[in-house]
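Q: Here is my input, please return the structure:
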Amino acid sequence: MKALYHLLVCFGLLTGLTTCKNGDDDSDSAEPLAAIETAIPNGLIPGSALTLKGRNFLSVTSVKLANTTVPASDFIRTAPDELSFKVPMGTTAGKICIVNQNGQGEWKDMALITSGVLTADNVGVNVSSPVQGYYSDACSPQWFMYCLNGACLVYRRQTRAVPVGAPAGATCEKYYSVEQISGSSYEVYPNDRVTLKFELKKNSQEYTGMVIMIMNGTTYLGNMVKKSSGGSLIGYSIIDGQTLKLCNPYPNPPAGFYGQPSQLCAEFKPCTNCQ
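A: Numbers count the residues shown, from 1 in each chain. This next block holds a predicted model:
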């Protein structure tokens, strides 16, 4: 009788159910299918970051896009029901869904972002060094700067070897570190206002263009903009999608640009009109 009852339930004849499980197993331990509730930004920018929020993300194995798949090994995880990843180059508009251990979730329509501050057309990929100039001191460290609300944010990149004739034991400081995030290497540049993390291309000193920005404890994921489009950094808060833009006052700096960037900021005010 138990077998007959189970058969009737499976066909919905007694309860109207349309699915069934093993009659000897009343547990339901598998995580339900994943559902996407929010996308930041609300569209696709191949080469830049996308953050998805929703339900049942704990056992996610991949994200399916219209013409490609992103494995879990490429995710940046910041919360149980949140994941971020770089949208592969060549990704086309279409549907997107999340796959977890229980199967494929619902599809969500996603278009390419073609207007705004960061788009599929102006996103920077295969980006060269951000260096804009050199300090006028014995170690000659490289520097670059960005602007935030009219203020200069100065970053030191690296130094050359200890200069000839320096005292014994003299060293030149290294101003950045390298951090491993989801299988990728990032150069990390600290700053009191905004810390920057640039993703490096594998086996190369060039950058992919993807950038992580941290300001006041909030993480913004985004990208460098092509230098021909201004060379700014654009990121979206993984919390609420708010935009953070760091303007580049020198997308094409003159060769042999030596000096103290703080003095340059004070005298030439390059950030006054850099929005």
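Q: Identify the residue nearest residue 66 in space, chain neighbours excluded?
A: residue 94 (2.7 Å; C-beta to C-beta, 6 or more residues apart in numbering). Glycine gets a C-beta too; all of them are placed from N, C-alpha and C.
Q: nope, residue 253 is what I was after
A: Closest residue to residue 253 apart from its sequence neighbours, by C-beta to C-beta, 6+ apart: residue 132 at 4.1 Å.
Q: Could you tell me the backbone phi and psi angles at that neighbour?
A: Residue 132 adopts backbone torsions of phi -110, psi -20, taken as degrees, to the nearest 10.
Q: Contacts made by the longest strand anywhere in the chain with the rest, please.
A: In the chain, with assignment by DSSP state E, the single longest strand is strand 207-215. With C-beta atoms under 8 Å, 6 or more residues apart in numbering as the test, strand 207-215 has contacts from 47-49, 86, 123-128, 130, 181, 184, 186-187, 193-201, 219-224, 233, 235, 244, 246.
Q: run the last query once more with 7 Å
A: With C-beta atoms under 7 Å, 6 or more residues apart in numbering as the contact definition, strand 207-215 has outside contacts at 47-49, 86, 123-125, 127, 186, 193-201, 219-224, 233, 235, 244.
Q: What residues sit buried inside stretch 227-244?
A: 227, 229-239, 244 (16 or more other C-beta atoms under 10 Å).
Q: oh sorry, the question was meant for stretch 116-123
A: In stretch 116-123, counting by 16+ other C-beta under 10 Å, buried: 117, 118, 119, 120, 122, 123.
Q: Neighbours of residue 91, how many?
A: 22 (other C-beta atoms under 10 Å).
Q: Assign it to one of the three secondary structure states.
A: Per DSSP: H, G, I helix; E, B strand; the rest coil, the local secondary structure of residue 91 is coil.
Q: Am I right that it is in contact with residue 65?
A: Yes: in this structure, residue 91 is within contact of residue 65 by C-beta atoms under 7 Å, at 5.3 Å.
Q: Now do the contacts for residue 108.
A: Contacts of residue 108 by C-beta under 7 Å, 6+ apart are 36, 95, 96, 97.
Q: 8 Å - rerun?
A: Contact analysis of residue 108 by C-beta under 8 Å, 6+ apart lists 36, 39, 95, 96, 97.
Q: can you check residue 73 too?
A: Each residue near residue 73 by C-beta under 8 Å, 6+ apart is listed here: 182, 183.
Q: how close does it sit to residue 87?
A: Using C-beta to C-beta, to the nearest Å, we find residue 73 at a distance of 16 Å from residue 87.
Q: quick one: low-confidence parts of this structure?
A: 1-30, 137-138, 159-166, 169-170, 256 (pLDDT under 70).
Q: Quick check: closest non-adjacent residue to the residue nearest the centre of the chain.
A: Geometric centre of the chain, nearest residue: residue 221, 3.7 Å, by C-alpha atoms, centre = their mean. Using C-beta to C-beta, 6+ apart and skipping residues adjacent in sequence, the residue nearest residue 221 is residue 49, 3.7 Å away.
Q: Number of residues surrounding that neighbour?
A: Neighbourhood size, residue 49 [other C-beta under 10 Å]: 24.
Q: And for the one 5 residues further on?
A: Residue 54: 19 surrounding residues under other C-beta under 10 Å.
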